[in-house]
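S.K.: Fold the following, please.
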Amino acid sequence: MRPDATMIPARTRSPDDTRELAASLAELAQSGDLLLLVGDLGAGKTTFTQGFAAALGISEPVTSPTFTLAREYDGRLLLHHLDVFRLDQISEVLDLGLPELLDSDGVILIEWGDAIRQALPNDYLEVALTFIEGQPSPPDERIVVLTPVGSRWQARADDLAAAIEQWMESPPC
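M.R.: Numbering: from 1, shown residues only. Below is the predicted model of the structure:
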């Protein structure tokens, strides 16, 4: 993540809430978009992808591609859903055909995307999902921080903030 990037914080209170936030972001999706989903195991990356996919008109079940590494879904935009958790080396990204996917139509969502950040173009939306710790809160509450990196996403920072306004914790940094 670049230090000059805008961070847009939000809070979701349930898996359905996380899906709804993702659906709001999917309304802004354009062909060629890249989203990096980051967070601990069980933080809601696949749940986020399910909401995003539903808003793209994808009706088939969306599951984590942890063992298949990549799945493709057809909706308003083609959705490429990757999970790089099991990759041992950055060179394995080439085996996924990621360079070709980056040049193709559609949107790419990469779970554990921070692990391969150095192999990606510097133009993506980072979606960081974290558990809320150290305070009494329902177990399904998450902090979701959007960080638009690069000119493509920085140009849409205000639209991103408007899309998730109902979940925002505070004004963008």
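
S.K.: Need the residue closest to the centroid of this protein.
M.R.: Leu37 (3.9 Å; C-alpha atoms, centre = their mean).

S.K.: ok, the nearest residue to that residue once chain neighbours are set aside - how many residues close by?
M.R.: Excluding the flanking residues, the one nearest Leu37 by C-beta to C-beta, 6 or more residues apart in numbering is Lys45, at 4.2 Å. Just so you know, the C-beta spots here come from the backbone N, C-alpha and C atoms, and that holds for glycine as well. Applying other C-beta atoms under 10 Å, we find 27 residues neighbouring Lys45.

S.K.: swap in Gly106?
M.R.: Counted with other C-beta under 10 Å, the neighbours of Gly106 add up to 19.

S.K.: just Glu20 next, same as before
M.R.: Counted with other C-beta under 10 Å, the neighbours of Glu20 add up to 17.

S.K.: pretty sure it is in a strand, no?
M.R.: No. Assigned with DSSP: H, G, I helix; E, B strand; the rest coil, Glu20 falls outside any strand and is helix.

S.K.: and stretch 109-117, how far out from the chain's middle?
M.R.: For stretch 109-117, the distance from its own C-alpha centre to the chain's C-alpha centre is 9 Å (C-alpha atoms, centre = their mean, to the nearest Å).
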